[in-house]
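*Asks:* fold the following, please.
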Amino acid sequence: RVNAYNIAIDTPLPEDHPGRRIMERGNAFVARDRIPANAIIQQLYTSPEFQRFVADCFELPALHELADPLSGLVLNVIEPGRSHPWHFDTNAYTVSMLTQEAADGGVFEYCPNIRTESAENFDDVRAVLAGEGDHLIRRLTLRPGDLQLFRGRFALHRVSSVQGAVARHSAIFAYSERPGVIGSPERTRQLFGRVLPEHVASAAVRGDQLLD
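*Replies:* Have a look, this model is predicted:
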């Protein structure tokens, strides 16, 4: 059970705050420390050439791998009947590659720039979560091998319910403008079911004051 900000669901918030809307997260993650170092996707994630390409796409001078030993590079698996609900990312820049298409459903939906570094825009987020913000939502039909780039920290996004007999698989490459980004203990526990000493010891590196 999660909210769109991946903060603790019992966090004290105003009655109408969008963070009070609780959703069921039905996807599973294969953490980075479970992916072999010689796997092609690990080589791609750490490749200076690929990082340069991604930075150029985002019109940035450089991007950094996440320092998080579990995040940064993950595999996202959504079984039939499950979904990955609305959420924001910790990192500003996300690259994903669909590796297995669902038989039906599993559509990527997103609200580009629904919030900014200085404005949460709770009204718009609340509308989307309540099913009243369709005018803010865009949808992409992805095929295996498609490389998708978006600003996940500022775009509310989800994968709709997967239908049929085939699970939806994707690889997620996360980068940041700032080195040293590590997920919060709460978010890490929600996503991976475990927390490492690095998450407990390190203060979260953020370039804004947004909810995580």
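*Asks:* quick check: E109 touching S161?
*Replies:* No: assessed by CB atoms under 8 Å, E109 is found out of contact with S161, at 11.2 Å. For every residue, glycine as well, the C-beta is placed using N, CA and C.
*Asks:* quick one, what contacts the residue minimising distance to the centre of the chain?
*Replies:* When the chain is reduced to its mean C-alpha position, the nearest residue by CA atoms, centre = their mean turns out to be D89, at 4.1 Å. D89 makes contact with G152, R153, A174 under the criterion CB atoms under 8 Å, 6 or more residues apart in numbering.
*Asks:* out of those residues, flag the one nearest to G26.
*Replies:* Closest approach between the contacts of D89 and G26, by CB to CB: G152, at 18.9 Å.
*Asks:* host element of F53?
*Replies:* Assigning secondary structure by DSSP states H and E places F53 in helix 48-57.
*Asks:* buried stuff in that helix?
*Replies:* When neighbours are counted by 16 or more other CB atoms under 10 Å, the buried residues of helix 48-57 are found to be F50, Q51, V54, A55.
*Asks:* on contacts alone, who are the packing partners of it?
*Replies:* Counting contacts by 3 or more CB pairs under 8 Å, 6 or more residues apart in numbering; DSSP states H and E, the secondary-structure elements packed against helix 48-57 are strand 168-176.
*Asks:* quick check: mean pLDDT of the strand it packs on?
*Replies:* Here the mean pLDDT over strand 168-176 is 94, rounded to a whole number.
*Asks:* having no further points to raise, I will conclude here.
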